[in-house]
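Colleague: After the sequence you'll find the predicted model.
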Amino acid sequence: MHPSLSFDQAPPISVPYRFFLAAPWFGVMAGILLAWSGPDAFASRWTPEALALTHLIALGFMLQAMSGALFQFIPVAVGGNVWRPKLVANVVQPLLLLATLLLVAGLLFSQPTLLSAAVPLFLLAVGGFVIVVALALWQTPATGMTLWAMRMAIGGLAVTVLLGSLLAESLAHGLSVPIIELTNIHMAWGLGGWGLMLLAGVSYHVVPMFQLTRPFPLWFTRGFGPLLLLLLLAWSGQYFLDDLRWPLVAGFPLLLILAAYGGMTLWLQYTRRRKIHDATSMYFRVAMLSLLAFAVSGAAFFLDPVIGADPRSVVWLGVLAFAGVFVSAITGMMYKITPFLNWLHLQRLGAPMSAVPNMKKMIPADAMTGQLRLHVLAVLLLLIAVWEPGVVRLAGVSFAASCAWLGWNLVGAIRRYQGFRDQIRASVLHH
Ligand code: HEM
């Protein structure tokens, strides 16, 4: 296959798939929760529903899918040796699932006991995962900016979970910490230092490969990650410096580099020689357009204090970031990785290459583009619902439906894998 991929170390297929299979259903839960709670959910970022929705997506959808992808990506793309992936996944995933449900319920029903119960589970699950991944990322002889971005991202995940745990304990026990500042810092590390850092690092590698673009320029990949890290540190300075202008000083350059990454990726897609319009490319386009919209509206909210002061402004940014950027980019990636993993593992069963079905047979193209259309509709409805509360329930139902369709497409792919595997095994035995 591709010269920069090595498959000798790939984990068993069940390792990434268990995470991929779980992720969409948290999106379904988020959509149902939104539809059930109705217009009040989006009144401000601090409603119990908004906080619960945030973590259904951040921890249920994003962290599940991104952990599954890391188990696969680290050995295959950067030659890292993940210690006992099956064992680690067996322990980490159930803990993570339980912790997420406890935290979400704790936030939704303002239950201190549930919040407190979630914390040790997160520390154990994410702590274990971070250690195993960090060891693999530091011991690999590989070099390059994808690797560095992944190293920084795993650090970003650790910071996010530590701050999240402090916040949860503070809410549960009424500790006297500056909650708003800490939440803003936690949020920036979660979305920027973990989510975007990983997305960018992985995209340096996979955008040229999957979407047949030119590579990201070296100056860009060398500059983006370290600059993002520096600006997040500066943003975190607001905790120590009692200067109201500080979020602005660090916030603007942050928005600027987000826009630069979105613009660069769109440019590479636009200037590629072979135009392909598969679901992955289109999903990436939706994600990058959402990122640009995030940067532009974030800047507008800073500049116009009247709109900026409206509690719904941050909700708008949240919808763009979670549903627009991350759910889109991750779905696009899953639509590429899943057929490929099916093919890879089937091809290893020892049958002649001609017996291994084509990657295109793993998820029907129509099912992916149909789901993509519904997702785009759901994102638009969610954005409208921020300002037009009458649309909230419809937006919730659409988002739940598009995530369920994604889940169904992935289940279908795995069932097809099992079917083809059984056929190939039978024919190998036969000969
Ligand atoms: C790893 C990915 C995570 C991401 C991307 C993330 C993201 C966020 C965001 C964006 C907010 C602000 C929500 C808003 O303004 O409406 C937030 C708040 C919060 N997060 Fe997380 N989070 C993550 C993990 C965690 C974890 C593991 C915990 C707990 C152990 C946690 C606990 C909290 C709490 C308690 C708040 C609310 C604080 C308050 O009400 O002031 N987060 N998170």
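Modeller: Alright, I've got the coordinates. Predicted model only: the values in this text are computed from it and were never measured.

Colleague: Tell me the gap between stretch 120-129 and the middle of its chain.
Modeller: Relative to its chain's centre, stretch 120-129 lies at 18 Å (Cα atoms, centre = their mean, to the nearest Å).

Colleague: Which of the helices or strands spans the residue nearest to Val286 when sequence neighbours are not counted?
Modeller: Excluding its sequence neighbours, the residue lying closest to Val286 (Cβ to Cβ, 6 or more residues apart in numbering) is Ser328, at 4.5 Å. For the C-beta atoms, the positions are set from N, CA and C on the backbone; glycine is no exception. Secondary structure from DSSP states H and E places Ser328 in helix 328-347.

Colleague: quick one: average pLDDT of that helix?
Modeller: Averaged across helix 328-347, pLDDT comes to 94.

Colleague: What are the buried residues along the helix or strand following that helix?
Modeller: On the C-terminal side of helix 328-347, the closest following helix or strand by DSSP H and E is helix 365-387. By 16 or more other Cβ atoms under 10 Å, the buried positions in helix 365-387 come out as 367-368, 371-372, 374-379, 381-383, 385-386.

Colleague: Please apply the same query to stretch 337-356.
Modeller: 337-347, 351, 356.

Colleague: Pick the one among these closest to Gly27.
Modeller: Using Cβ to Cβ, Thr338 comes nearest to Gly27 of those, at 16.2 Å.

Colleague: Can you name the residues that contact that closest one?
Modeller: When the contact criterion is Cβ atoms under 8 Å, 6 or more residues apart in numbering, the partners of Thr338 are Tyr17, Phe20, Met362, Ile363, Leu410, Ala413, Ile414.

Colleague: Repeat the analysis, applying 7 Å as the threshold.
Modeller: Taking Cβ atoms under 7 Å, 6 or more residues apart in numbering, we find Thr338 in contact with Phe20, Met362, Ile363, Leu410, Ala413.

Colleague: Please name the nearest non-neighbouring residue to Phe340.
Modeller: Met359 (6.2 Å).

Colleague: ok, now Leu63?
Modeller: Closest to Leu63 by Cβ to Cβ, 6+ apart is Leu96, at 6.8 Å.

Colleague: what does the model give the one you found for pLDDT?
Modeller: 98.

Colleague: measure it to the ligand for me?
Modeller: If you measure Leu96 against the ligand using Cβ to the nearest ligand atom, to the nearest Å, the figure is 9 Å.

Colleague: Count the neighbours of that residue for me.
Modeller: Neighbouring residues of Leu96 were enumerated by other Cβ atoms under 10 Å; the total is 25.

Colleague: so what's it up against?
Modeller: By Cβ under 7 Å, 6+ apart, Leu96 lies in contact with Leu63, Gln64, Ala125.

Colleague: If we go by neighbour counts, what in the helix or strand harbouring it is buried?
Modeller: If you go by DSSP H and E, Leu96 is part of helix 85-108. Buried positions in helix 85-108, judged by neighbour count with 16+ other Cβ under 10 Å: 85, 88-89, 92-93, 95-97, 99-104, 106-108.

Colleague: one step back: do you know how far the residue nearest to Leu63 is from Phe19?
Modeller: 9 Å (Cβ to Cβ, to the nearest Å).

Colleague: what's the overlap in contacts for those two?
Modeller: Common neighbours of Leu96 and Phe19 (Cβ under 7 Å, 6+ apart) are Gln64.

Colleague: that older thread, out of the buried residues of helix 365-387, which is nearest to Ala50?
Modeller: Nearest to Ala50 among those, with distances taken as Cβ to Cβ, is Val386, at 10.6 Å.

Colleague: what's near enough to touch the residue nearest to that closest one when sequence neighbours are not counted?
Modeller: In space, and not counting its chain neighbours, Val386 is closest to Trp316: 4.7 Å by Cβ to Cβ, 6+ apart. Shown in contact with Trp316 (Cβ under 7 Å, 6+ apart): Ser297, Leu383, Val386.

Colleague: measure the nearest residue to Arg45 once chain neighbours are set aside to Ser203 for me?
Modeller: Distances taken as Cβ to Cβ, 6+ apart place Val314 nearest to Arg45, at 4.4 Å, with adjacent residues excluded. Distance of Val314 to Ser203, computed by Cβ to Cβ: 26 Å.
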